[in-house]
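Student: give the three-dimensional model of this entry:
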Amino acid sequence: MDHADFAHFAALDIRAGTVTRAEPFPEARRPAIKLWVDCGPEIGERKSSAQITGHHTPDALVGQRVMAVVNFAPRQIGPFMSEILVLGFPDSDGEILLARPEPGVADGARLA
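Tutor: Below you'll find the predicted structure:
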């Protein structure tokens, strides 16, 4: 395992947010969902393409809390521009479960 120093961690801007909209993304090469996430007043709403279809459906995601890296460069995923990286952990089958902030953490709160 490579080691990172604190400066590497501090360079990542990881924020709490709430999914405001979610849609299927049939144009993606691998099954994915398009997400719009409210990242708080400082960041605003940002979009993400997330390969989370194993445990999540678009309808069930609206209103869900997530954590995301908000300072990566935008990335074109087919016809969709992904602006943030929503974070998650693989289960025993490799399907992604979303990382979620605790209740009471405001949208836009930065991971410290």
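Student: C-alpha only now, for contacts and for neighbours.
Tutor: Fine.
Student: so what's residue 42 up against?
Tutor: The contact partners of residue 42, by Cα atoms under 8 Å, 6 or more residues apart in numbering, come to residue 108.
Student: shift numbering so it begins at 10
Tutor: Sure thing, new numbering starts at 10, so read that last one as residue 51.
Student: residue 107 against residue 100, yeah?
Tutor: No. Counting by Cα atoms under 8 Å, residue 100 is not a contact partner of residue 107; they are 10.3 Å apart.
Student: which of the two has more neighbours?
Tutor: Counted by other Cα atoms under 10 Å, residue 107 and residue 100 do not tie: residue 107 has more neighbours, with 20 against 11.
Student: what's the distance between the closest residue to that one other than its chain neighbours and residue 16?
Tutor: Leaving aside its sequence neighbours, residue 107 sits nearest to residue 97 (Cα to Cα, 6 or more residues apart in numbering; 4.0 Å). To residue 16, residue 97 is 22 Å away according to Cα to Cα, to the nearest Å.
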